[in-house]
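Asker: missing the sequence, but the structure's below:
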């Protein structure tokens, strides 16, 4: 057979063969790292280890998922590792604070990543910041309008944390009369100082109030003045949403940015530039885990409220955050220093 006939015969054979199927991604025989951007103990460690115990069952190949604590620089150490070092095959992901992905936007030193390029896997829960006034005889503020006329002394652990930056920024943006007293060792100490009449209130996460002082709200011992976050919390219809208190679009954009980390919750991220199939593998496994009965029972035992958002939600939110005009970003960055 001459070369021309041989080539034609081979071509006909190839054309007649059924198309090859793309091989589904699998993590069989691999260890998957769940990097936790904090030390052992605490909320992020608890969430990361709880998800790690269960997500392997929903990943193809049912790999062993190993928690790995990587604290440092407000989550930047873990985020930098995921962005610049970790393998892109689905064998590494990280749970980071909601404020971590905002680092490059506000010019925080040490943030060596582009948050818009992460593979956003999902978050097991979002957070609702609340500003709360204790209903003691010494407290003069009971409503949002009162905040524009009377001083509310709130406690904080120190600069950089929400209980410090939120009231400080809102005072400058909206003219609210917060006075921040810093230096408390923990939010638990702040709540105790409220009960003792040493301070008037606190701006913190709703789950902190519900978990540490579950009787306060039902028994009228404290009042939620307003709340923030990525979107209004339907449970808090009686408390105004912070974004709705803005008097113009620039104020609203600044307030949205101020509380953006709470909307991201406790996000789980994976490396950028992953193959679409690998990214979907992690995202699908995460959402399947959020509905897994064993996971939900485990979370309930540890008093973790599961309110998940998927990777598409987080991707859209981070893009919206990063579209904030630079002048507003610079204003907020200056206020939260």
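Answerer: Now that the structure is in, tell me what you want to look at. Keep in mind that what you see is a predicted model, and the values were worked out from it rather than measured.
Asker: Tell me the buried residues in stretch 40-59?
Answerer: Going by neighbour count (16 or more other C-beta atoms under 10 Å), the buried part of stretch 40-59 is 43-56, 58-59. Every residue, glycine included, has its C-beta placed from N, CA and C.
Asker: residue ranges of the helices in the stretch 101-250 of the chain, please?
Answerer: Assignment of helices within the stretch 101-250 of the chain using DSSP state H, counting those that start in this stretch yields the ranges 103-106, 144-147, 162-174, 187-195, 206-212, 249-258.
Asker: closest to residue 123 out of the ones you listed?
Answerer: With C-beta to C-beta as the measure, helix 206-212 is the member of the helices of the stretch 101-250 of the chain nearest residue 123 (13.7 Å).
Asker: Residues contacting the closest one, please?
Answerer: Helix 206-212 is touched from outside by 127-130, 132, 187-188, 191, 216-217, 222, 224, 227, 233, 236, 303, 305, with contacts defined as C-beta atoms under 8 Å, 6 or more residues apart in numbering.
Asker: ok, 10 Å please
Answerer: Here helix 206-212 makes contact (C-beta atoms under 10 Å, 6 or more residues apart in numbering) with 43, 125, 127-130, 132, 162-163, 186-188, 190-192, 202, 204-205, 216-218, 222, 224, 227, 229, 233, 235-236, 239, 262, 303-305.
Asker: Filter these down to the buried ones and express that as a PyMOL selection.
Answerer: Buried residues within the contacts of helix 206-212, by 16+ other C-beta under 10 Å, are selected in PyMOL with:
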select buried, resi 43+125+127+128+129+130+132+162+163+187+190+191+192+202+204+205+216+217+222+224+227+229+233+236+239+262+304
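Asker: if I pick the nearest residue to residue 174 once chain neighbours are set aside, what's in contact with it?
Answerer: Using C-beta to C-beta, 6 or more residues apart in numbering and skipping the chain neighbours, the partner closest in space to residue 174 is residue 245 (6.1 Å). Contact analysis of residue 245 by C-beta under 10 Å, 6+ apart lists 144, 147, 170, 173, 174, 176, 226, 228, 251, 252, 255.
Asker: cool, and residue 221?
Answerer: Neighbour list for residue 221: 134, 135, 136, 194, 195, 213, 215 [criterion: C-beta under 10 Å, 6+ apart].
Asker: List the buried residues of stretch 138-157.
Answerer: Buried positions in stretch 138-157, judged by neighbour count with 16+ other C-beta under 10 Å: 139, 141, 144, 146, 147, 152, 153, 154, 155, 156, 157.
Asker: any idea how far it is from the chain center?
Answerer: Centroid separation for stretch 138-157 versus its chain: 28 Å, with C-alpha atoms, centre = their mean, to the nearest Å.
Asker: Quote the end-to-end distance of it.
Answerer: End-to-end distance for stretch 138-157, by C-alpha to C-alpha, to the nearest Å: 22 Å.
Asker: what do you get for stretch 293-311?
Answerer: Termini of stretch 293-311 sit 21 Å apart (C-alpha to C-alpha).
Asker: pLDDT of that stretch, averaged?
Answerer: Stretch 293-311 shows a mean pLDDT of 94.
Asker: Please apply the same query to stretch 131-139.
Answerer: 93.
Asker: Let me see the contact set for the residue nearest the centre of the chain.
Answerer: The centroid of the chain falls nearest to residue 265 when counting by C-alpha atoms, centre = their mean (2.4 Å). The contact partners of residue 265, taken as C-beta under 10 Å, 6+ apart, are 47, 95, 97-98, 122-128, 229-230, 307-309, 313-314, 317.
Asker: Go again with 7 Å.
Answerer: Contacts for residue 265 were tallied using C-beta atoms under 7 Å, 6 or more residues apart in numbering; they are 98, 123, 125, 126, 127, 309.
Asker: Please narrow the buried residues of stretch 40-59 to those residing in helices.
Answerer: When the buried residues of stretch 40-59 are checked against helices (DSSP state H), the matches are 43-55.
Asker: What is the nearest of those to residue 26?
Answerer: residue 55 (14.8 Å).
Asker: For stretch 258-278, measure first residue to last.
Answerer: 33 Å.
Asker: now that stretch: mean pLDDT?
Answerer: Per-residue pLDDT over stretch 258-278 has a mean of 94.
Asker: Can you check what angle separates the helix or strand harbouring residue 66 from helix 43-55?
Answerer: Assigned by DSSP states H and E, residue 66 belongs to strand 64-69. Angle, strand 64-69 to helix 43-55, by axes from the mean of the first three to the mean of the last three C-alpha atoms, to 10 degrees: 170 degrees.
Asker: Packing partners of strand 64-69?
Answerer: Taking 3 or more C-beta pairs under 7 Å, 6 or more residues apart in numbering; DSSP states H and E as contact, the helices and strands that strand 64-69 lies on are strand 31-36, helix 43-55.
Asker: Need the contact partners of whichever helix or strand comes after that strand.
Answerer: Per DSSP H and E, strand 64-69 leads on to helix 76-84 as the next helix or strand towards the C-terminus. For helix 76-84, the surrounding residues in contact (C-beta under 7 Å, 6+ apart) are 35, 37, 70-71, 92, 94, 96, 100, 103, 110-113, 118, 269-272.
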